[in-house]
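for reference, the sequence and a predicted model appear below.
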Amino acid sequence: FSSGLFPFSVMGWPEQTDDLKAFYPTSLLETGLDIIFFWVARMVMMGLQLTDKLPFHTVYLHAMVRDKEGRKMSKSLGNVIDPL
């Protein structure tokens, strides 16, 4: 499964379902800058190729939470705060 398929495949594509008609395309995608190419670009390219529509018209980039050394907060790096 490719993240590029997500915006329309979860709503029944390639069938023209009621959900697909109602919710695709959408107006806004909120994401972080770190996945702009890996996720957002794929969504746009696959949406245009497979549906002839842009999946969204606005991309809102939110801030990235970083540790004191400037690295992205990540469980795999072990630099996150335990909420408990």
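It's in.

which stretches of this structure aren't confidently modelled?
Applying pLDDT under 70 to the chain flags residues 1.

for it, which segments count as strands?
28-32, 58-62 (DSSP state E).

who touches Thr26 in this structure?
The contact partners of Thr26, taken as C-beta atoms under 8 Å, 6 or more residues apart in numbering, are 7, 55-56. Heads up, the C-betas are built off the backbone N, CA and C, glycines and all.

give me that answer again for 10 Å
Residues near Thr26 by C-beta atoms under 10 Å, 6 or more residues apart in numbering: 7, 54-58.

then Asn79?
Shown in contact with Asn79 (C-beta under 10 Å, 6+ apart): 66-69, 71-73.

how about 6 Å then?
Applying C-beta atoms under 6 Å, 6 or more residues apart in numbering, we find Asn79 in contact with 67, 73.

mind checking how far it is from Thr31?
Separation of Asn79 from Thr31 (C-beta to C-beta, to the nearest Å): 21 Å.

hmm, who's touching the lengthiest helix in the chain?
Determined from DSSP state H, the single longest helix within the chain is helix 42-51. Residues from elsewhere that reach helix 42-51, judged by C-beta under 6 Å, 6+ apart: 3-5, 7-8, 55.

give the bridge partners for Val59, please.
Leu29 (DSSP bridges).
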